[in-house]
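**Q** give me a model of this one.
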Amino acid sequence: TCAGVVLSVALLGFALGLCLDTPCRNYEGRDACFLTDRPCKVLLVTAHPDDECMFFGPSLAAMRRQGFDVFLLCLSTGNAAGLGSLRKPELIRSGTLLGVPSDRVQVLDTSEFQDGEDTVWQPSAIAREVASEIAAHSIDKVLSFDGAGVSGHVNHIATNVG
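**A** From the prediction side, this is the model:
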């Protein structure tokens, strides 16, 4: 039900917010960011504009409180209803309000990642885009959807798999 999804998202956001109050760690359990004088760099990967605030608002707030440098990669303009040209600038404004400067928001508009419940996104294409952002910005951690895509949307699930 809708209430169940809202509660699940709220609990996920709260849990992620608590987790982000601890130092950023790499795969070996060592501090990945705090071994240097620079802030931890986190890449949030979403499928559509509005995912950043619907599903990750509390996490973004926690990261900003901790002084993390946050980057946002949105894999589509969210054009399923023909509103991609409106949703892209809305995402950039939303990112700014959530503490992600506009120059750190990347919104892709490619044939590989078209919004839709019946649109299959290839994990290798997603991985390629994420790897490119990681390399371009020396990202320490990546945050995205859980295996169920939080809401079960096929594009959210693909974002996790990629």
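
**Q** going along the chain, name the strands of this protein.
**A** Using DSSP state E, the strands of the chain run over 41-46, 69-74, 105-107, 141-143.

**Q** where are the low-confidence patches of the protein?
**A** For the chain, the stretches with pLDDT under 70 are 1-37.

**Q** got the residue ranges for the helices in it?
**A** 2-19, 51-65, 84-97, 123-137, 154-161 (DSSP state H).

**Q** and Leu98, which of the strands of the chain is closest to it?
**A** Closest to Leu98 of the strands of the chain, according to CB to CB: strand 69-74, at 8.3 Å. In this view, the C-beta of every residue, glycine as well, is placed from N, C-alpha and C.

**Q** gap between the closest one and the chain center?
**A** Centre-to-centre, strand 69-74 and its host chain are 7 Å apart (CA atoms, centre = their mean, to the nearest Å).

**Q** compute the inter-axis angle for that strand and helix 51-65.
**A** Angle, strand 69-74 to helix 51-65, by axes from the mean of the first three to the mean of the last three CA atoms, to 10 degrees: 170 degrees.

**Q** how far off strand 41-46 does strand 69-74 point, in degrees?
**A** Going by the same axes, to 10 degrees, strand 69-74 makes 20 degrees with strand 41-46.

**Q** so which elements touch strand 69-74?
**A** Counting contacts by 3 or more CB pairs under 8 Å, 6 or more residues apart in numbering; DSSP states H and E, strand 69-74 packs against strand 41-46, helix 51-65, helix 84-97, strand 105-107, helix 123-137.

**Q** quick revisit: CSV please, covering the helices of the chain and showing mean neighbour count.
**A** Formatted as CSV, those follow (neighbours: other CB atoms under 10 Å):
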stretch, mean neighbour count
helix 2-19, 13
helix 51-65, 21
helix 84-97, 17
helix 123-137, 15
helix 154-161, 20
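
**Q** so which of these gets nearest Asp109?
**A** Proximity to Asp109, assessed across those by CB to CB, is greatest for helix 84-97 (6.9 Å).

**Q** now the closest one: how far from the chain's centre is it?
**A** Centroid displacement of helix 84-97 relative to its chain, using CA atoms, centre = their mean, is 14 Å.

**Q** hmm, who's touching it?
**A** 48-50, 52-53, 72, 74, 76-79, 101-102, 104-105, 107, 109, 115 (CB atoms under 8 Å, 6 or more residues apart in numbering).

**Q** now do the contacts for the nearest residue to Gly116 once chain neighbours are set aside.
**A** Excluding the flanking residues, the one nearest Gly116 by CB to CB, 6 or more residues apart in numbering is Ala80, at 5.0 Å. Ala80 sits next to Gln114, Asp115, Gly116, Glu117 when contact means CB under 8 Å, 6+ apart.
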